[in-house]
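Visitor: This is a predicted model, with the sequence first.
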Amino acid sequence: MKTKKFAWLSFLLIAVLGLTLGGCQKEKNKDSNADSSSLQQLSKDEENIQYASDEAMNDANQVLSGNFLKTTQFWPCSATIDSTGVVNDTITFYITYNGPNCNGRLYRTGQVEIKKKVGTRWIQPGATVIVKFINLTITKVATGKSLILNGTRTFQNVSGGHLMMLGNGLDALVHRIWGSVQATFDDNTTRIWNIARQRTFTGSMGALVMTIDGFGTDGGYPNLVCWGTNRHGENFYTQITLSVVHKESCGFDPCSGIKIFQIPSDNKSATITFGYNDQNEPISGNECPTRYRVDWVRNSHSGTLYLPLH
């Protein structure tokens, strides 16, 4: 009798263990299927690349506007500026970095090369130049992580004018930037990203507002600001469905707007909504953002996250 009872208890124990292990395996599979880590990483990588690129393009704009010839007040921080003579009707400017940017968030080395046709006046509507990143290495001071950018972009002053004219006869300054960049991330993966970015500046010096829109089209997706391959080897598409607004009073952090990331090969996407504080609540009034919201979907799974801007 005791032997039969022991055998019966052993059977029950094995059955329970089997169900438990089976349940753990099922939960593990569920967690794997609902993994949003690549979407989170993509959102961070894109913000880092765009922030670093904007800093460099703003420096290029200062050089092209001619302010560096008049006063050191408008020089790019921790950088030297040189130019060549005219070669084949083109003059070339070089910005060489070796130190922190103006707000101290980034440490930069490398060069930005600007090629401008003789006779092209940057202040004129439609003026176009070529900007090349040459081993532009950007290190986030807060984390110590680095990003290396190489590549060529076309930079166009759609509206004409320059920043100093805003509030003094110019209501809006519109720039368009398009081309590709090779990004080397902190894990040594290297990927090619395409850019189609329109920046509209309003306000006045000291109180500028920069509004970002995408004008690219690829893979059937319109309003693309960026597309290419993420560090996980997946093709992605980033659309701006509601203009992303950055304010100078908030260090040009994104204060509002919506982006959508699409990764069709794995049937996943994420909607990025900007303008949240440390309490994961929408900012209001003159409050500056510290976080952004990620609403992700992967197959039948979904979730919401709040991630820090820096």
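Guide: Done, it's in.

Visitor: Residue 98 contacts residue 76, correct?
Guide: No: if you go by C-beta atoms under 8 Å, residue 98 and residue 76 don't touch, sitting 11.2 Å apart. Glycine gets a C-beta too; all of them are placed from N, C-alpha and C.

Visitor: So if I had to pick from these two, which one is more boxed in?
Guide: Using other C-beta atoms under 10 Å, the more surrounded residue of residue 98 and residue 76 is residue 76, with 22 against 11.

Visitor: got a list of what that one touches?
Guide: By C-beta atoms under 8 Å, 6 or more residues apart in numbering, the contact set of residue 76 is 59, 62, 63, 95, 97, 102.

Visitor: same check, this time on residue 175
Guide: 57, 61, 155, 156, 157, 158, 198, 199, 200, 201.

Visitor: In whatever helix or strand it lives in, which residues are buried?
Guide: According to DSSP states H and E, residue 175 maps onto strand 173-184. For strand 173-184, the neighbour count (16 or more other C-beta atoms under 10 Å) marks 173, 174, 175, 176, 177, 179, 181, 183, 184 as buried.

Visitor: and the residue lying closest to residue 232 once chain neighbours are set aside, how many neighbours?
Guide: Among residues not flanking residue 232 along the chain, residue 38 sits closest, at 4.7 Å (C-beta to C-beta, 6 or more residues apart in numbering). Residues near residue 38, counting by other C-beta under 10 Å, number 21.

Visitor: Then residue 202?
Guide: Residue 202: 17 neighbours (other C-beta under 10 Å).

Visitor: Can you pull out the residues in contact with stretch 213-230?
Guide: For stretch 213-230, contacts defined as C-beta under 8 Å, 6+ apart pick out 38, 41-42, 45-46, 49-50, 176, 178, 180, 191-198, 200, 212, 235-241, 243-244, 259, 262-264.

Visitor: Could you tell me which of these count as buried?
Guide: Buried among the contacts of stretch 213-230 by 16+ other C-beta under 10 Å: 38, 42, 45-46, 49-50, 176, 191, 193-198, 200, 212, 236-240, 244, 259, 262-263.

Visitor: in this protein, which helix or strand is least confident?
Guide: Within the chain, confidence by mean pLDDT, DSSP states H and E is lowest for helix 2-33 among all helices and strands, at a mean of 41.

Visitor: distance between the following helix or strand past it and the chain's centre?
Guide: Of the helices and strands lying after helix 2-33 in sequence (DSSP H and E), the nearest is helix 37-65. When C-alpha coordinates are averaged (C-alpha atoms, centre = their mean, to the nearest Å), helix 37-65 and its chain have centres 5 Å apart.

Visitor: Tell me how far the strand holding residue 175 lies from the chain's centre.
Guide: 11 Å.

Visitor: now stretch 86-101
Guide: 24 Å.

Visitor: and if you look at stretch 161-172?
Guide: With C-alpha atoms, centre = their mean, you get 26 Å for stretch 161-172.

Visitor: Contacts for it, please.
Guide: Residues from elsewhere that reach stretch 161-172 (C-beta under 8 Å, 6+ apart): 61, 65, 67, 122-123, 159, 173, 200-205, 208.

Visitor: before we move on, back to that, out of the contacts of residue 175, which is nearest to residue 309?
Guide: The shortest approach to residue 309 among those belongs to residue 199, at 18.4 Å (C-beta to C-beta).

Visitor: Surely residue 46 is in contact with residue 238?
Guide: Yes: if you go by C-beta under 8 Å, residue 46 and residue 238 touch, sitting 6.2 Å apart.

Visitor: Find residues that contact each of these two.
Guide: By C-beta under 8 Å, 6+ apart, the residues touching both residue 46 and residue 238 are 226, 261.

Visitor: From residue 127, how far off is the residue lying closest to residue 159 once chain neighbours are set aside?
Guide: Once flanking residues are discounted, residue 159 sits nearest to residue 174: 4.1 Å by C-beta to C-beta, 6+ apart. In this structure, residue 174 and residue 127 are 12 Å apart, going by C-beta to C-beta, to the nearest Å.

Visitor: list the residues that contact both of these two?
Guide: residue 157.
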